[in-house]
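**Student:** Sequence and predicted structure are below.
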Amino acid sequence: MITAGIDCGAKNTKTIIMKDGTILGRASVLTGFDQREAVKASLAAALEKTKLNRSELDHIGGTGSGSRSIEEADVKVNDIKAITTAANYFFPRARTVADVGAEGGRAAKFDEKGSVEDFAINEKCAAGAGAFIEAMSRALETELEDLGPLALTSDKSIPMNAQCAIFAESEVVGLIHAKTSKKDISRAIHDAMASRIASMIRRIGVNPDVVMLGGVAHNPGFVEALKRELQVDQVYIPEGPEFGAAVGAAIVAAQTAK
Amino acid sequence: MADDKKPEFWRWAETNWVNPDIKWQDAELLTGGIDVGSVSSQAVIMADGELYAFGNRRTGSDSPTSAQDALNFALEKTDLPQGKVHYFIGTGYGRVNVPMADRTVTEIACHAKGASFMYGSAVRTVLDVGGQDIKAIRCDDKGKVTNFLMNDKCAAGTGRGMEVFADLLGVPIGDVGPRSFEVAKEPPPVSSTCVVYAKSEATGLLRKGWAVNEVLAAYCAAMAARIYSLLERVGVEPEFAITGGMAKNIGVTQRLRKLMGLEPLKTAYDTQLAGAMGAALFGLALCQKGKGRKG
């Protein structure tokens, strides 16, 4: 059976195409202001990569904050179900997953079948989402991609007082004025963000193996900060973590088609 | 960050004033209140409990300098030397770093005291919307705090949030209120609480063809709703007064008045001075009890 999972997120719309539990191909496009268009473009790009026709897809699962705009979806997959299914697919031993995207963060606990036991969501506040690091990279006048690696070069931990992204921007400017080095500020930014995600994970209880999904998992500064905060040696990140929820949606699509 | 060449729409006017009817030499007690906030700093001098002079400026990068700048600004139009002031009280976010302060008092206490003076002793509920926080304070007829709630963790509903919007939409901060009423029909409020997300939402609304004034209306309404939820939690008892910079934004205050079904009191004083005036009044009370520096 061939299925597709489409995750219409705040920033990017991702499509995964799977056949009998194997990923055939994937594509990601900017969501922009027209979610409908982004969904169409994302699906078309994934089909093109896999050299498949739309008619060859047996079932399509849709998820993400813009899932309303996925008219192609045969089944709507809840955000939490999507990430626990994906985490269970990539790392069968894991029991906890955190998904941090551009405009939201989610954490969930699940059993050996990937069924959800408990979860926590933040979609209201930028302080626990990729948008936080993005805003800080602007304040620090550093490219977003450079911010994480820069944090890794710091060995100094400076606490940030502000929780709010808007207030943190002013605090970063204050730190710059106080001649704090960019690498130390960068680490402080990631530590602050990691502490918020960690507290969300702790609220539902940490199981030893933690999987991280979502675009923020690409940021090594954040991943290191999260490991420090959770006091674990490793967090498990699949290749292409931003496609996590789409993978989950494709798997659920296959399960529901049966 | 605002580019140097880009106009800074959030920048409000700094002001200072001296009371022409008062000769400081005739006063028995001169007390100063200095309120170093996260965004603005005020210094007032009171002569026997009457407002003699004030200065209101943006807070700089450090509190001691901001405190001194605000005080210098207040004294600028007077011939009063700083050393003639009998007692200074520091308050606000940066109060521990006010170098000339003989004592500090929390901004909650000062705002209640100041509001009670500015609006009269009938005030029972004071809303202070500052640069980086919102305080909902209940007080008695002496301006003594009986209960309060505060949000200082999140920019939603604070002056800083409004500054961000003024900048985003290219509207001078003083024009936001009046322009928010220049709409054919009141739009629904911006739905995102977080200022970061509200910004993206606003950009989306503009793309959909909303006029700038409509977006301003939607944001003022969202801000009023946010502030109202804090007031509801502390419980509102009339009379009701608003202090802080946001009191000057009719876009928010009039929508808040509608939500509350309660008319806020009016004052001739600058609403940003409440904290500093409260501080100066605490200084006066201390001096009168003989606890002051000089008699």
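**Tutor:** Yep, that arrived. Since the structure is predicted, the reported quantities are computational estimates derived from the model, not experimental observations. Numbers count the residues shown, from 1 in each chain, chains lettered A, B, ... in the order given.
**Student:** In this structure residue B:39 contacts residue B:162, no?
**Tutor:** No: contact criterion Cβ atoms under 8 Å: residue B:39 and residue B:162 do not qualify, at 10.6 Å. Where C-beta positions appear, they are placed from N, C-alpha and C, glycine not excepted.
**Student:** Which residue of the two possesses the greater neighbour count?
**Tutor:** Set residue B:39 next to residue B:162 and count neighbours by other Cβ atoms under 10 Å in any protein chain shown: residue B:162 wins out with 27 against 20.
**Student:** So the more buried one sits against residue B:249, correct?
**Tutor:** Yes: Residue B:162 is in contact with residue B:249 according to Cβ under 8 Å; the separation is 6.7 Å.
**Student:** what sits in contact with each of those two?
**Tutor:** Shared contacts of residue B:162 and residue B:249 (Cβ atoms under 8 Å, 6 or more residues apart in numbering or on different chains): residue B:176.
**Student:** Chain B: helices as residue ranges?
**Tutor:** Assigned by DSSP state H, the helices in chain B fall at B:63-75, B:107-119, B:159-169, B:176-180, B:195-207, B:212-234, B:250-260, B:274-288.
**Student:** touching chain A at all, the first one?
**Tutor:** No: using Cβ under 8 Å from any Cβ of the partner chain, helix B:63-75 stays clear of chain A, with a minimum separation of 11.4 Å.
**Student:** circling back to that earlier point, got a markdown table for the helices of chain B, with mean pLDDT too?
**Tutor:** Shown next, in a markdown table, are the helices of chain B (pLDDT from 0 to 100):
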| stretch | mean pLDDT |
| --- | --- |
| helix B:63-75 | 96 |
| helix B:107-119 | 97 |
| helix B:159-169 | 95 |
| helix B:176-180 | 97 |
| helix B:195-207 | 95 |
| helix B:212-234 | 97 |
| helix B:250-260 | 97 |
| helix B:274-288 | 97 |
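**Student:** Now for residue A:109: which residues touch it?
**Tutor:** By Cβ under 8 Å, 6+ apart, the contact set of residue A:109 is A:95, A:96, A:116, A:117, A:118, A:119, A:204, A:205, A:207.
**Student:** 10 Å - rerun?
**Tutor:** The neighbourhood of residue A:109, defined by Cβ atoms under 10 Å, 6 or more residues apart in numbering or on different chains, consists of A:84, A:95-97, A:116-120, A:201, A:204-207.
**Student:** Common neighbours of residue B:39 and residue B:162, please.
**Tutor:** B:10, B:131, B:245.
**Student:** Looking at these, which is nearest chain A?
**Tutor:** Comparing these against chain A with Cβ to the nearest Cβ places residue B:131 closest, at 9.5 Å.
**Student:** Can you give me the pLDDT of the closest residue to that closest one other than its chain neighbours?
**Tutor:** Counting by Cβ to Cβ, 6 or more residues apart in numbering or on different chains, the nearest residue to residue B:131 once its immediate chain neighbours are dropped is residue B:39, at 2.5 Å. As predicted, residue B:39 sits at a pLDDT of 89.
**Student:** I figured residue B:39 was touching residue B:129, is that so?
**Tutor:** No: here residue B:39 lies out of contact with residue B:129, judged by Cβ atoms under 10 Å, at a distance of 11.1 Å.
**Student:** overlap in contacts of those two?
**Tutor:** B:158, B:159, B:244, B:245.
**Student:** how deep is the closest residue to the first one other than its chain neighbours tucked in, by neighbour count?
**Tutor:** Just to be clear, that refers to residue B:158. Closest residue to residue B:158 apart from its sequence neighbours, by Cβ to Cβ, 6+ apart: residue B:132 at 5.5 Å. Counted with other Cβ under 10 Å, the neighbours of residue B:132 add up to 22.
**Student:** Contact partners for residue B:132?
**Tutor:** Each residue near residue B:132 by Cβ under 10 Å, 6+ apart is listed here: A:162, A:164, A:166-167, A:170, B:37-39, B:93, B:151-155, B:158-161.
**Student:** got it, and residue A:258?
**Tutor:** For residue A:258, the contacting residues are A:1, A:59, by Cβ under 10 Å, 6+ apart.
**Student:** do you know how far it is from residue A:58?
**Tutor:** Distance from residue A:258 to residue A:58, counting by Cβ to Cβ, to the nearest Å: 10 Å.
**Student:** what residues are shared contacts of those two?
**Tutor:** Both residue A:258 and residue A:58 are in contact with residue A:1, where contact means Cβ under 10 Å, 6+ apart.
**Student:** For chain A, what lies in contact range of chain B?
**Tutor:** Within chain A, the positions lying close to chain B (Cβ under 10 Å from any Cβ of the partner chain) are A:10-11, A:32-34, A:102-104, A:122-127, A:129, A:131-132, A:134-135, A:138-141, A:162-170, A:172-174, A:176-178.
**Student:** which residue packs closest to residue A:213, ignoring adjacent ones?
**Tutor:** If you skip the residues right next to it in sequence, residue A:213 has residue A:244 as its closest partner in space, 3.1 Å away by Cβ to Cβ, 6+ apart.
**Student:** same for the helix or strand where the one you found lies, what does it pack against?
**Tutor:** Residue A:244 belongs to helix A:244-257 when assigned by DSSP states H and E. Here helix A:244-257 touches strand A:2-8, strand A:12-19, strand A:22-30, strand A:59-63, strand A:75-76, helix A:79-90, strand A:96-100, strand A:210-213, going by 3 or more Cβ pairs under 10 Å, 6 or more residues apart in numbering or on different chains; DSSP states H and E.
**Student:** send the alpha carbons of that helix over as PDB?
**Tutor:** In PDB, the C-alpha atoms belonging to helix A:244-257 read as follows (Å, rounded to 0.1, in the frame of the first residue of the first chain):
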ATOM      1  CA  GLY A 244       8.300  13.600  11.700                       C
ATOM      2  CA  ALA A 245       4.600  14.500  11.900                       C
ATOM      3  CA  ALA A 246       4.200  13.800   8.100                       C
ATOM      4  CA  VAL A 247       5.700  10.400   8.600                       C
ATOM      5  CA  GLY A 248       3.200   9.800  11.400                       C
ATOM      6  CA  ALA A 249       0.300  10.900   9.300                       C
ATOM      7  CA  ALA A 250       1.400   8.600   6.400                       C
ATOM      8  CA  ILE A 251       1.500   5.600   8.800                       C
ATOM      9  CA  VAL A 252      -1.800   6.400  10.300                       C
ATOM     10  CA  ALA A 253      -3.200   6.700   6.800                       C
ATOM     11  CA  ALA A 254      -2.000   3.200   6.100                       C
ATOM     12  CA  GLN A 255      -3.500   1.900   9.300                       C
ATOM     13  CA  THR A 256      -6.900   3.400   8.700                       C
ATOM     14  CA  ALA A 257      -7.100   2.300   5.100                       C
END
